[in-house]
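Novice: After the sequence you'll find the predicted model.
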Amino acid sequence: MHSLRNAAAVLAIAAAGSAVCATTPASAVVGGTQVSAPAYPWLGAIGSPVFPLRPGGQFCAGALIAPDKVLTAAHCVIFAEPAPAALTVTFGRADLTQRDGITMGVKAIRADPEFRISTFAGDLSYHHDVAVLTLQAPLSIPTAHITAPHGPTATVVGWGATSNADDSNAHLHVATVPLASDASCAAAYGAEFDPAEALCAGSTIADTAEFDSGGPLLVDGAVAGITAWGKGAAQPGYPGVYARIPSGGL
């Protein structure tokens, strides 16, 4: 599902002249339906003008949790820490090929100090995959709330790929995904899954995919996790892995 999710981010930051190493992005929503921007006014498309392979330079997503703070995945942005101005966040744009919405620059990046990268079956996996961007100025738009994961299902939303074979999607999609038990996630990913810092969701019908990284896993409309990584998109036996949000903040 997400084995290539951060390739875009790496290329973008590499082009900006920052030090990088290989990483993997998350994909678009598989099995979803198109949705309009007003449904998620706090959802931001994270990108860079130096990444021309996607409309608007988008390669990840994030949620506005305070007027000038965006919650996202560390693997999306950590390589831009020396040059946060290389990143932009656009709100209120459902179709990335358009020029509507509000685009803000980024002035600071704070990643979870425990963030680390390892490997699973030849792909990259991420741990404590949480970061907060500080925007150049506060916004007067709705912000997202944070909750703990609960219940049988969740909602995923993003501009990512709609299948493993198609990463050209530029439209915002939303889908309902089942929350997986910690036991089933551990059975899929072994030691690479730690229930203290991650959870799993998704099925062969609906999942996140390339370029969905950093976007929210929503429960009752609030952010319960952050799209992080996974083995392929909608692959049997491999639900997506989502970072838990630290209760004490970053």
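Specialist: Arrived safely.
Novice: ok, which stretches of the chain are helices?
Specialist: Along the chain, counting by DSSP state H, helices occupy 7-15, 74-77, 182-189.
Novice: Any buried residues in the last one, and which?
Specialist: By neighbour count, with 16 or more other C-beta atoms under 10 Å as the criterion, the buried positions of helix 182-189 are Cys185, Ala186, Ala188, Tyr189. Heads up, the C-betas are built off the backbone N, CA and C, glycines and all.
Novice: JSON lines for those residues, including pLDDT and distance to Gly202?
Specialist: Listed next are the buried residues of helix 182-189 as JSON lines, based on pLDDT from 0 to 100; distance: C-beta to C-beta, whole Å:
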{"residue": "Cys185", "pLDDT": "98", "distance to Gly202": "10"}
{"residue": "Ala186", "pLDDT": "98", "distance to Gly202": "15"}
{"residue": "Ala188", "pLDDT": "97", "distance to Gly202": "10"}
{"residue": "Tyr189", "pLDDT": "98", "distance to Gly202": "13"}
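Novice: tell me which of these is nearest to His145?
Specialist: Closest approach to His145 among those (C-beta to C-beta): Cys185, at 24.7 Å.
Novice: Ser118 versus that closest one, what's the distance?
Specialist: Distance from Cys185 to Ser118, counting by C-beta to C-beta, to the nearest Å: 16 Å.
Novice: between the buried residues of helix 182-189, which is closest to Cys60?
Specialist: Nearest to Cys60 among the buried residues of helix 182-189 is Tyr189, at 21.4 Å by C-beta to C-beta.
Novice: which one is the closest one nearest to, not counting chain neighbours?
Specialist: Phe120 (6.0 Å; C-beta to C-beta, 6 or more residues apart in numbering).
Novice: Output stretch 177-196 as PDB, restricted to C-alpha atoms.
Specialist: Provided in PDB are the C-alpha atoms of stretch 177-196 (Å, rounded to 0.1, in the frame of the first residue of the first chain):
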ATOM      1  CA  VAL A 177     -11.800   1.300   6.500                       C
ATOM      2  CA  PRO A 178     -12.000  -1.300   9.200                       C
ATOM      3  CA  LEU A 179      -9.800  -0.900  12.200                       C
ATOM      4  CA  ALA A 180      -7.600  -4.000  12.600                       C
ATOM      5  CA  SER A 181      -6.700  -5.600  15.900                       C
ATOM      6  CA  ASP A 182      -3.200  -5.300  17.300                       C
ATOM      7  CA  ALA A 183      -2.900  -9.100  17.000                       C
ATOM      8  CA  SER A 184      -3.700  -9.100  13.300                       C
ATOM      9  CA  CYS A 185      -1.400  -6.200  12.700                       C
ATOM     10  CA  ALA A 186       1.400  -8.000  14.600                       C
ATOM     11  CA  ALA A 187       0.700 -11.200  12.600                       C
ATOM     12  CA  ALA A 188       1.200  -9.100   9.400                       C
ATOM     13  CA  TYR A 189       4.200  -7.100  10.300                       C
ATOM     14  CA  GLY A 190       5.900  -8.900  13.100                       C
ATOM     15  CA  ALA A 191       8.500  -6.900  15.100                       C
ATOM     16  CA  GLU A 192       8.000  -3.900  12.800                       C
ATOM     17  CA  PHE A 193       4.600  -3.300  14.500                       C
ATOM     18  CA  ASP A 194       4.600  -1.800  18.000                       C
ATOM     19  CA  PRO A 195       1.100  -1.200  19.300                       C
ATOM     20  CA  ALA A 196       2.400   1.400  21.700                       C
END
